[in-house]
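Q: The following block contains a protein sequence and its predicted model.
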Protein chains: 4
Amino acid sequence: MARISLRRKIYRVVFEAETPAGKVFDVVLLFLILASVLTVTLESVTELRRLYLPYFIALEWGFTIIFTIEYLLRIYSSPHPFKYMASFFGIVDLLAIIPTYLSLFILGAQYFLVIRVLRLLRIARIFKLTHFINQGQILTTALRASVTKIAVFLGAVLTIIVVVGSLMYIIEGAASGFTSIPKSIYWTIVTLTTVGYGDIAPVTPLGQVLASFIMIMGYGIIAVPTGIVSVELAKTDKSSFANTRVCPNCHEEGHPADANFCYNCGYRFLNE
Amino acid sequence: MARISLRRKIYRVVFEAETPAGKVFDVVLLFLILASVLTVTLESVTELRRLYLPYFIALEWGFTIIFTIEYLLRIYSSPHPFKYMASFFGIVDLLAIIPTYLSLFILGAQYFLVIRVLRLLRIARIFKLTHFINQGQILTTALRASVTKIAVFLGAVLTIIVVVGSLMYIIEGAASGFTSIPKSIYWTIVTLTTVGYGDIAPVTPLGQVLASFIMIMGYGIIAVPTGIVSVELAKTDKSSFANTRVCPNCHEEGHPADANFCYNCGYRFLNE
Amino acid sequence: MARISLRRKIYRVVFEAETPAGKVFDVVLLFLILASVLTVTLESVTELRRLYLPYFIALEWGFTIIFTIEYLLRIYSSPHPFKYMASFFGIVDLLAIIPTYLSLFILGAQYFLVIRVLRLLRIARIFKLTHFINQGQILTTALRASVTKIAVFLGAVLTIIVVVGSLMYIIEGAASGFTSIPKSIYWTIVTLTTVGYGDIAPVTPLGQVLASFIMIMGYGIIAVPTGIVSVELAKTDKSSFANTRVCPNCHEEGHPADANFCYNCGYRFLNE
Amino acid sequence: MARISLRRKIYRVVFEAETPAGKVFDVVLLFLILASVLTVTLESVTELRRLYLPYFIALEWGFTIIFTIEYLLRIYSSPHPFKYMASFFGIVDLLAIIPTYLSLFILGAQYFLVIRVLRLLRIARIFKLTHFINQGQILTTALRASVTKIAVFLGAVLTIIVVVGSLMYIIEGAASGFTSIPKSIYWTIVTLTTVGYGDIAPVTPLGQVLASFIMIMGYGIIAVPTGIVSVELAKTDKSSFANTRVCPNCHEEGHPADANFCYNCGYRFLNE
């Protein structure tokens, strides 16, 4: 009985955020994740690594041991340990600790850098527990509803990019840096998205005229996904939040959720 | 009879996508188009062409022969062969195979590269058969409705570009790279669309002040086409989804969901 | 009598576009304006000027004489000649011909280039006569309604630009190209508007961190004018086009303009 | 009595803008603030400082003395002097004069440049008195309502930036300028926000492919904050303009213009 109770207590601290201990745990975890990612980031700066390598290694092992304990506690306290381990966050939690242990056996551990950076994903779990999730769902619903329209749009844009890229390859040629069609396509993407590095730029008058068309097109084309997302967001937002209480007497819509009377026929709402 | 039946069968496979064979045909075709465009693209990389030229030529002939057979099957099975050949997709299908045959007779075949890349347009036909077309139509309708507004807007923007381009030519002059008005106009487009290569950049204080104005203007101006497209998309979306109640008496469309009477014939709707 | 009639005839051709002659006049004028601006533009290219200077001069005088005749005809036929001469288009018409005549007396005529390019503004008059004006008015109304909101927004953005520009001047200093506050402000504008030439770029870590903040802010800030214009456009559009017919019996709104019955109470509209 | 009256008079001139004297005071103050910030800005240009340093110092002391008098008048006339001094504008007013006095004692006064530029914030007070505040509030309300959605969005974008930055560090390496993860993250921000300086640009094919993905993503991602702000602005705009009918019985706000009954107390509106 006592054992179950301990497991349950750990569960409430580790997985939930209703209790004070759970909230403290989340804040500490958030701080540790950010600190560990910052460590990875700074470790990659050559001068810092030269000076402070022992400290970086010590910190990394410190974070790994803490995250390992946390991972074991999660497995221990979870009612369905294997389900947790196979879940998205279970895998992310495992990926957060594996690279450091593997670095004992495998050379070239720098390729694990990205995996260690993935620890950032663990932050998503912490914010899951707040009202952020609500807003996140509205965003996700709107984006999912826009997906087909945006796919059609992206398909058209990618076709334009490939055709224009090939054209620029022929017009400008290797002398201006357009050494191959893939490179030309890369330039077209850089231009159409208005990034414009300037590492490759058209030199011939005809190339500059075509480039001008692409820029103006890219400038206008951005309106389309923005319009799509705006409309979907407006629809999602309205249907989930807006004044949609309907009068049971006259079926007039648009009353606020806390209305007492219908503003059309004066019917008294039964509010519990 | 059997012959007509074969023709009909081919038609169903080649032009339609309802049957399993038609679906397989479409997927294979999609794969072949993408593979052939990828081949064209990679062939343009100097190092790859040097190493694998025979393979590229063999692949190109392989794709061409398959697309030729497909083209002939389409002509054969189409109920109106000449109508098909004169249609948009008929011409695109022909352009997909002609360059390779012409390269036998004409030198400088690299200029056909772009024509071969146009094979991408054939993908549009494949997606015509899915629900993408519905979303595509909403986009097209909205964009068509925005065309006049965007034309007015573009006209104003182009006038500003030409006037500012001339001004910058006088202010900066050839020393800063603004060697002629066309080049200055090119720079203005690069700046107003926020691409900003940096191959030409203003050097004089007055030129930088004018450039700042253009940048801020370009930054704000992008709001206009976005606003236009959003509004049109919202209208298109609403009219195709929301007011779609049809009068059972006169078949007039576009009533709100809570209508009591048809606004055209006055028929009383039976609302439960 | 005959004289008045001639004047009236000229007026209809020169100022209006209802008659076939008036339409032909407008198309010819549009062509001449574009050709004359193209001439100015190409004349500024050094190589072309070296080769074809006599032709450019001849063309310029040809355009000027035609535009002068047109200007005199407009004065002659206008019912209020001085009102026309003092109007916006009257001044633009005069500016279109003055530079060439002045070039006879004044050296350094290249500074008149911009004035000659202003001929483009005359195109606006031609399009005034089509349905473009309607769409243009919707745009103008929406933009005018947004002006205060955008001014507040611009004021805030400009304050941020000046403060951040001063900060970057102190952080980066002259060594990285931030030689003065005005130059730093110029860089901030280039960055915030996402133009990003790259002629000046932060080098110190602190400068790059601040630059990152500005970029992300600039990226998000663009949402504000876009949102403002979208909302105003939606309002303008709705009020001028949408289904705003109100039932005189039950005051239900939202009927299409050609409705015969109220969809709420079934009242029969009196359509003339 | 006379003394209180003087204090009150100063208050009306210095803090309010209803009287003619108050309006003149505001315009003069606006002019002085802009002139003083312009002086700071120009003083930083090396050539100008070399030539006109005495004038700059004289001007700076002139502005400081005027602003000091203004500050003392505000303290004197304010009904709650300490409340004013501790308020946002009280602190800004103090910061506007302190740097010049401190420069008498402390070397390296150039670091006070930014503080002096903060004088710009004082302009906000002047515009507080016009109808700008109304539009500003609509903007602020909309932005505040968007904050959670934009925070969720920014969190996701920052995670992508860190992960992609680490990936690019491994793919491109120090040879292409991606010398550390922080530098790679900086590059990712420059690219995702479509700024694109070009000081660092990917060189390897794999790096360019990944860069292309980020650019297209950045190009599309901008749709999300724009959509969020548009929707919130539309809601704010509507709720502050449309549903503003107040119940004369219970003073509940937010009824539609055509309401028959108060939805709070059931009071029957008298509609003509």
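A: Cool, got the structure. Please read all numbers here as calculations on a predicted model, not as lab measurements.
Q: quick one: contacts for A:Ile194?
A: Just so we're on the same page, residue A:194 is Thr rather than Ile. By Cβ atoms under 8 Å, 6 or more residues apart in numbering or on different chains, the residues touching A:Thr194 are A:Met215, A:Gly218, A:Tyr219, A:Ile222, B:Thr193, B:Thr194, B:Val195, B:Gly196, C:Thr194, D:Thr194, D:Gly196, D:Tyr219. In this view, the C-beta of every residue, glycine as well, is placed from N, C-alpha and C.
Q: which of these are buried?
A: Buried subset of these (neighbour count, 16 or more other Cβ atoms under 10 Å in any protein chain shown): A:Met215, A:Gly218, A:Tyr219, A:Ile222, B:Thr193, B:Thr194, B:Val195, B:Gly196, C:Thr194, D:Thr194, D:Gly196, D:Tyr219.
Q: Now for A:Ile228, how many residues are close by?
A: Neighbourhood size, A:Ile228 [other Cβ atoms under 10 Å in any protein chain shown]: 31.
Q: Give me the distance between it and C:Val45.
A: Distance, A:Ile228 to C:Val45, using Cβ to Cβ, to the nearest Å: 42 Å.
Q: on that earlier part again, can you tell me which of the contacts of A:Thr194 lies nearest to B:Ala86?
A: B:Ala86 lies nearest to A:Gly218 out of the contacts of A:Thr194, by Cβ to Cβ, at 33.2 Å.
Q: you'd agree the closest one is in a strand?
A: No - assigned with DSSP: H, G, I helix; E, B strand; the rest coil, A:Gly218 falls outside any strand and is helix.
Q: pretty sure it is in contact with B:Leu192, am I right?
A: No - the pair A:Gly218 / B:Leu192 is not scored as a contact, 11.9 Å apart, by Cβ atoms under 8 Å.
Q: joint contacts of these two?
A: By Cβ under 8 Å, 6+ apart, no residue touches both A:Gly218 and B:Leu192.
Q: Could you see whether chain D lies near stretch A:55-68?
A: No - on the criterion Cβ under 8 Å from any Cβ of the partner chain, stretch A:55-68 is out of touch with chain D, staying 12.6 Å away.
Q: Stretch A:206-214 now?
A: No - applying Cβ under 8 Å from any Cβ, one finds stretch A:206-214 out of contact with chain D, separated by at least 13.1 Å.
Q: In that stretch, which residues are buried?
A: A:Gly207, A:Gln208, A:Leu210, A:Ala211, A:Ser212, A:Ile214.
Q: Can I get it in PDB, CA atoms only?
A: The C-alpha trace of stretch A:206-214 is given here as PDB (Å, rounded to 0.1, in the frame of the first residue of the first chain):
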ATOM      1  CA  LEU A 206      18.000  39.600 -69.600                       C
ATOM      2  CA  GLY A 207      18.800  37.800 -66.400                       C
ATOM      3  CA  GLN A 208      18.100  40.900 -64.400                       C
ATOM      4  CA  VAL A 209      14.700  41.400 -66.100                       C
ATOM      5  CA  LEU A 210      13.700  37.800 -65.400                       C
ATOM      6  CA  ALA A 211      15.000  38.200 -61.800                       C
ATOM      7  CA  SER A 212      12.800  41.300 -61.400                       C
ATOM      8  CA  PHE A 213       9.800  39.400 -62.500                       C
ATOM      9  CA  ILE A 214      10.500  36.600 -60.000                       C
END
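Q: hmm, back to that, export the contacts of A:Thr194 to TSV and append columns for pLDDT, secondary structure and distance to A:Gly22.
A: Below are these laid out as TSV (pLDDT from 0 to 100; DSSP: H, G, I helix; E, B strand; the rest coil; distance: Cβ to Cβ, whole Å):
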residue	pLDDT	secondary structure	distance to A:Gly22
A:Met215	91	helix	53
A:Gly218	86	helix	48
A:Tyr219	82	helix	49
A:Ile222	81	coil	43
B:Thr193	90	coil	51
B:Thr194	88	coil	46
B:Val195	89	coil	50
B:Gly196	88	coil	49
C:Thr194	88	coil	42
D:Thr194	88	coil	41
D:Gly196	88	coil	44
D:Tyr219	82	helix	40
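Q: tell me which of those residues is nearest to C:Ile115?
A: Looking across these and measuring by Cβ to Cβ, the closest to C:Ile115 is B:Thr193, at 26.3 Å.
Q: so who does that closest one touch?
A: A:Thr194, A:Met215, A:Ile216, A:Gly218, A:Tyr219, B:Gly218.
Q: In chain A, which residue is most central in space?
A: Nearest to the geometric centre of chain A sits A:Leu121, at 8.3 Å (Cα atoms, centre = their mean).
Q: where's stretch A:163-178 relative to the chain centroid, distance-wise?
A: Taking Cα atoms, centre = their mean, to the nearest Å, one finds stretch A:163-178 lying 35 Å from the centre of the chain it belongs to.
Q: and if you look at stretch A:102-115?
A: On Cα atoms, centre = their mean, the centre of stretch A:102-115 falls 25 Å from that of its chain.
Q: List the buried residues of that stretch.
A: A:Ser103, A:Phe112, A:Leu113, A:Val114, A:Ile115.
Q: Kindly report the same for stretch A:54-63.
A: Here stretch A:54-63 shows A:Phe56, A:Leu59, A:Glu60, A:Phe63 as buried, counting by 16+ other Cβ under 10 Å.
Q: cool, stretch A:84-96 as well?
A: For stretch A:84-96, the neighbour count (16+ other Cβ under 10 Å) marks A:Tyr84, A:Met85, A:Phe89, A:Gly90, A:Val92, A:Asp93, A:Leu95, A:Ala96 as buried.
Q: same question, stretch A:15-25
A: Those would be A:Phe15, A:Ala17, A:Gly22, A:Phe25, for stretch A:15-25 by 16+ other Cβ under 10 Å.
Q: May I have it exported as PDB, CA atoms only?
A: Only the C-alpha atoms of stretch A:15-25 are listed here, as PDB (Å, rounded to 0.1, in the frame of the first residue of the first chain):
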ATOM      1  CA  PHE A  15       3.900  13.900 -14.800                       C
ATOM      2  CA  GLU A  16       1.400  16.400 -13.400                       C
ATOM      3  CA  ALA A  17       1.600  20.000 -12.400                       C
ATOM      4  CA  GLU A  18      -1.400  20.400 -10.100                       C
ATOM      5  CA  THR A  19       0.600  20.100  -6.800                       C
ATOM      6  CA  PRO A  20       3.200  22.700  -5.600                       C
ATOM      7  CA  ALA A  21       5.900  20.000  -5.800                       C
ATOM      8  CA  GLY A  22       4.800  19.300  -9.400                       C
ATOM      9  CA  LYS A  23       5.100  22.900 -10.300                       C
ATOM     10  CA  VAL A  24       8.500  23.300  -8.800                       C
ATOM     11  CA  PHE A  25       9.600  20.100 -10.600                       C
END
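Q: any idea how far it is from the chain center?
A: Centroid separation for stretch A:15-25 versus its chain: 24 Å, with Cα atoms, centre = their mean.
Q: Identify the residues contacting it?
A: Contacts of stretch A:15-25 (Cβ under 8 Å, 6+ apart): A:Arg12, A:Val13, A:Val14, A:Asp26, A:Arg74, A:Ser77, A:Ser78, A:Ile126, A:Leu129.
Q: List the residues that contact the third one.
A: This points to A:Val14. A:Gly22, A:Phe25, A:Glu70, A:Leu73, A:Arg74, A:Ser77 are the contacts of A:Val14 under Cβ under 8 Å, 6+ apart.
Q: Likewise for the fifth one?
A: A:Arg74 makes contact with A:Val14, A:Phe15, A:Tyr84, A:Gly90, A:Asp93, according to Cβ under 8 Å, 6+ apart.
Q: Correct me if wrong: the last one contacts A:Leu72.
A: Put plainly, it is A:Asp93. No - look at A:Asp93 against A:Leu72 with Cβ under 8 Å: they stay out of range, at 10.2 Å.
Q: so for the helix or strand harbouring A:Arg122, what's the average pLDDT?
A: Element membership of A:Arg122, judged by DSSP states H and E, is helix A:122-127. With pLDDT averaged residue by residue, helix A:122-127 scores 78.
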